[in-house]
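K.L.:
pasting the sequence and the predicted coordinates here, then a few questions.
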Amino acid sequence: MNTAEASQRHRARLFVSFFTPALLVCIMIFVHLFQQISGEHLFYYGIEPRTLEGLRGMLFSPFIHADWDHLLSNAVPMILLGSAAIYFYRNVAYYVFFLIWLFDALGVWCFGRYSYHIGASGLIYGLASFLFISGLLRSNKALLALSLTVALLYGGLVWGILPILKHISWEAHLFGLVSGMVLAVVFMRKGPANDPLPGWYYEQDEDESETTAHTTTDLPGIESDQTPDDQKPEEQGPRIIYHFKDKQD
């Protein structure tokens, strides 16, 4: 593959990685614009724990936000983390995304406070924890660098899982975070391959195998108990051992 083809494939991969998160953010913006223009609040389409109507929030809640600040605080991480997940983990990224969405919503519906839970922050927490833990579990420099970047940029998100502010759904943050961590372990064998081991690692193994292959005949002054095949007698009789006892006067 020449340089032009490799560059073209790289741009195509970047576009595909960016497309899905950007599409979700566009839907969020469209929904919020609808709320602003129509004057209708859609918060009742969020997750209402332990109610039948609240089950519809499992589908709609990530697209509903309270205000523009709430929307923007989720839109930027969604594009960055979502694009990184699809770019580096394209074989499993969509499964991970769907499962984080499902498990986070189920956790909030089963154990959340009785209120309407809206926003995509649970997905953000899930993607951040998945990228961080998965990068630590793999022997891949690019993924480890990504893991450290996520820790630097979004390390402060950990405070969001504490029940400090009443207007924040810390339950969604908590279940999203846990879901991402669990999925990082579940899909540990999937996704990008680990970096190849350096050449000196194999050289060390070869040196050790050569050392163990030597017998004691290589050491001076020591004869081996093994007799070459061409020097062994064709037939060997039974071995007789004599014991002598001194005569006592």
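P.N.:
Looks like it arrived, so ask away. The structure displayed is predicted, hence computed values, not measured ones.

K.L.:
going forward, measure contacts and count neighbours with C-alpha atoms only.
P.N.:
OK.

K.L.:
so after the longest helix anywhere in the chain, what's the next helix or strand?
P.N.:
Secondary structure of the chain read by DSSP state H shows that its longest helix is helix 3-38. Toward the C-terminal end, the helix or strand that comes next after helix 3-38 (DSSP states H and E) is helix 57-60.

K.L.:
next SSE after that next one?
P.N.:
helix 68-88.

K.L.:
show me what that following helix is packed against.
P.N.:
In terms of contacts (3 or more C-alpha pairs under 8 Å, 6 or more residues apart in numbering; DSSP states H and E), helix 68-88 is packed against helix 3-38, helix 93-111, helix 121-137.

K.L.:
turn these into a markdown table, including mean pLDDT.
P.N.:
Supplementary listing: these in a markdown table, determined by pLDDT from 0 to 100:
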| stretch | mean pLDDT |
| --- | --- |
| helix 3-38 | 92 |
| helix 93-111 | 96 |
| helix 121-137 | 94 |
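
K.L.:
compare those helices and give me the one nearest residue 67.
P.N.:
The minimum distance between residue 67 and those falls on helix 3-38, with 7.8 Å, by C-alpha to C-alpha.

K.L.:
mind listing what's buried along the longest helix of the chain?
P.N.:
Using 16 or more other C-alpha atoms under 10 Å as the burial criterion, the residues of helix 3-38 that qualify are 13, 17, 18, 20, 21, 22, 24, 25, 28, 29, 32, 35.

K.L.:
how about the residues you listed, which pair is most distant?
P.N.:
Going by C-alpha to C-alpha, the two entries of those that are most distant from one another are 13 and 35, at 34.3 Å.

K.L.:
low-confidence ranges, the chain, go.
P.N.:
Segments of the chain classed as low confidence (criterion: pLDDT under 70) are 1, 195-249.

K.L.:
alright, that wraps it up for me.
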